[in-house]
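A.B. asks: Here you go, sequence then predicted model.
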Amino acid sequence: MKLSNLGERKILHNLEKFLNIGDDGAFVKVNDKYLIITTDMLYGPTHFLREMSYYQIGKRVVTSCFSDIAAMGALPFGFLLSYGSEDIDYKNFKELILGVNAQCKKFNAEFLGGDTNETYKLTVAGTAAGWTDKPILRSGAKINDLVAITGTVGSSALGVEILTKKIKVKKNLESYLKNVLKFTLESEPRIKGGYFLRKFANSMMDISDSLAVCFYEISRQSKVGMEIDLEKLPYTKSAIKIANELNLNLMNCALYGGGDYQLVFTIPEKNWQKIKNRIDATVIGKVVKKNVIGYLNEEKVKIENRGYEHFVKK
């Protein structure tokens, strides 16, 4: 049996049977705090758009790791990079490293070094470490919790669709497109939001592979279900404008596209009332006993358990 007979998520679910894995990062208690450690590998042909600069690639590998740190309710303090590529121009390599360093500094973390190797295609793997006094897991959702999300969704995947399909955008829409592509090419981790939520949320996960995957993963690990009001998904005005003008399905981009790096969390109603005016977040549903169900115009809509995934048969 090949890995592609299972798919990435099934592989990880099988490993959970004998390994203590399944959250956005690993955690180890050290005295009265928790050390959070996470790693992420990004491969040039599958992870990076041709429109991305080497500087943006450097920032992205840090963002992907720091987003996991944020989802655990922690603050990052250190980052290591493993780098591999063919024999590229030193200027491009330096730009990537500068991007890594800048993104680390932005979130008050140290770029601690790493390793360099020669590979056939650009491959970068980041390892990040953070601290928290209370890690937030995917397994903590409780029935009657509210389901909420930080920021907006869909813009990153919308930009990917426009770029990969080479969709032409009219000149009068260029400013809207620029705003959308900012999310596509330079998404940011929600560090402050994740750390703030550690004292209020019952469960949390970052949106890297898709929003739908988050719904299903939190539900699976918490042994609950979710009812999602799809009309409440938050979008930017630019994404709405572009999607409407180009006749693209923004809701599908939000549900099944990756790269938003926002946070999905579940939270008791009483805690939501305490924080709703203190964080940029939107309630989009509630936790129920079983099944993930979407509602649109008061009618049931199937939310598929899919998103970006490795080791799937093409």
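C.D. replies: Alright, I've got the coordinates.
A.B. asks: How many neighbouring residues does residue 28 have?
C.D. replies: Per other CB atoms under 10 Å, the neighbour tally for residue 28 reads 10. Quick note: C-beta positions are derived from backbone N, CA and C, even for glycine.
A.B. asks: in what helix or strand does it lie?
C.D. replies: Taking DSSP states H and E as the definition, residue 28 sits inside strand 26-30.
A.B. asks: Residues contacting that strand, please?
C.D. replies: For strand 26-30, contacts defined as CB atoms under 8 Å, 6 or more residues apart in numbering pick out 20, 34-38, 72, 132, 135.
A.B. asks: partners of that strand in the sheet?
C.D. replies: Note on strand 26-30: by DSSP bridges, its sheet partners are strand 33-43 (antiparallel).
A.B. asks: Return the set of buried residues in the partner strand.
C.D. replies: Within strand 33-43, the residues scored as buried using 16 or more other CB atoms under 10 Å are 34-38, 40, 42.
A.B. asks: in which helix or strand would I find residue 116?
C.D. replies: In the assignment (DSSP H and E), residue 116 maps to strand 110-118.
A.B. asks: what pLDDT does residue 298 get?
C.D. replies: We have a pLDDT of 86 for residue 298.
A.B. asks: quick one: it from residue 290, how far?
C.D. replies: 21 Å (CB to CB, to the nearest Å).
A.B. asks: ok, the two, which is more surrounded?
C.D. replies: Using other CB under 10 Å as the criterion, residue 298 and residue 290 rank with residue 290 on top: 11 against 7.
A.B. asks: Disregarding flanking residues, what is the spatial nearest neighbour of that one?
C.D. replies: Once flanking residues are discounted, residue 290 sits nearest to residue 225: 4.1 Å by CB to CB, 6 or more residues apart in numbering.
A.B. asks: so what's the one you found up against?
C.D. replies: 219, 287-293.
A.B. asks: Which strands or helices does the strand holding residue 116 pack on?
C.D. replies: On a contact count with 3 or more CB pairs under 8 Å, 6 or more residues apart in numbering; DSSP states H and E, strand 110-118 meets strand 75-85, helix 90-106.
A.B. asks: Just the CA trace of the strand holding residue 28, in PDB.
C.D. replies: Below are the C-alpha coordinates for strand 26-30, written out as PDB (Å, rounded to 0.1, in the frame of the first residue of the first chain):
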ATOM      1  CA  ALA A  26       4.000  19.600  20.400                       C
ATOM      2  CA  PHE A  27       4.100  20.800  24.000                       C
ATOM      3  CA  VAL A  28       6.400  19.900  26.900                       C
ATOM      4  CA  LYS A  29       5.900  21.200  30.400                       C
ATOM      5  CA  VAL A  30       8.900  22.900  31.800                       C
END
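A.B. asks: rewinding a little: residues in contact with the strand holding residue 116?
C.D. replies: For strand 110-118, contacts defined as CB under 8 Å, 6+ apart pick out 77-87, 100-101, 104-105, 127.
A.B. asks: can you state the direction angle for it and helix 90-106?
C.D. replies: Relative orientation of strand 110-118 and helix 90-106, computed by axes from the mean of the first three to the mean of the last three CA atoms, to 10 degrees: 150 degrees.
A.B. asks: what about strand 110-118, average pLDDT?
C.D. replies: For strand 110-118, mean pLDDT rounds to 96.
A.B. asks: can you tell me the distance between the two ends of stretch 252-266?
C.D. replies: Length of stretch 252-266, first residue to last, CA to CA, to the nearest Å: 22 Å.
A.B. asks: what ranges of the stretch 151-300 of the chain fall below the confidence cut-off?
C.D. replies: Within the stretch 151-300 of the chain, no stretch has pLDDT under 70.
A.B. asks: quick one: the strands in it?
C.D. replies: For the stretch 151-300 of the chain, applying DSSP state E, counting those that start in this stretch gives strands covering 203-206, 225-229, 263-267, 281-288, 292-296, 299-301.
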